[in-house]
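**Q** Quick one, fold the following:
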Amino acid sequence: MKTTKSFTFDAAHFLPDHKGKCANMHGHTYRLEVSVARNNGILGNGGSDEGMVIDFADLKAIVKAEVIDKMDHKVLNDVLPFRTTAENMADHIFKVLTDKLQASGVIVDRIKLWETPDSYVEACYE
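**A** Purely as a prediction, here's the structure:
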């Protein structure tokens, strides 16, 4: 069983020394899909999360605080310590959310990050 929540955020970036147009500052409306599961495969069995992987509101709050608030309407080159490719960003988001969720028994199964409406990268749990 997996739970998935989608988000959007707007941000600008550039890729220094890139051979294409992305070397210049430009912006995207990113779409982020976060899919999570329980690390033991068993749904919550007590309290308000009974029968859930995670409450959608809780997942939304975590992703908003850990990712969206830090990237939305920012120049990504100014806030991220790596080359701001979609691949590097998806990997970063996967690791940040994994660190935040693991204590609650929830694992990040997949991160999908769309840079454009028809192009995305995917980071998956292995």
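**Q** ok, for Asp49, nearest residue in space, not its chain neighbours?
**A** Asp55 (5.8 Å; C-beta to C-beta, 6 or more residues apart in numbering). Heads up, the C-betas are built off the backbone N, CA and C, glycines and all.
**Q** Now name the helix or strand holding Thr4.
**A** Element membership for Thr4, per DSSP states H and E: strand 3-13.
**Q** quick one: the strands in this structure?
**A** Counting by DSSP state E, one finds strands in the chain at the ranges 3-13, 26-38, 74-75, 106-116, 119-124.
**Q** Dump these to a markdown table, plus distance to Ser48 and mean neighbour count.
**A** Output for these, formatted as a markdown table (distance: least, C-beta to C-beta, whole Å; neighbours: other C-beta atoms under 10 Å):
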| stretch | distance to Ser48 | mean neighbour count |
| --- | --- | --- |
| strand 3-13 | 15 | 16 |
| strand 26-38 | 16 | 18 |
| strand 74-75 | 34 | 16 |
| strand 106-116 | 15 | 20 |
| strand 119-124 | 29 | 15 |
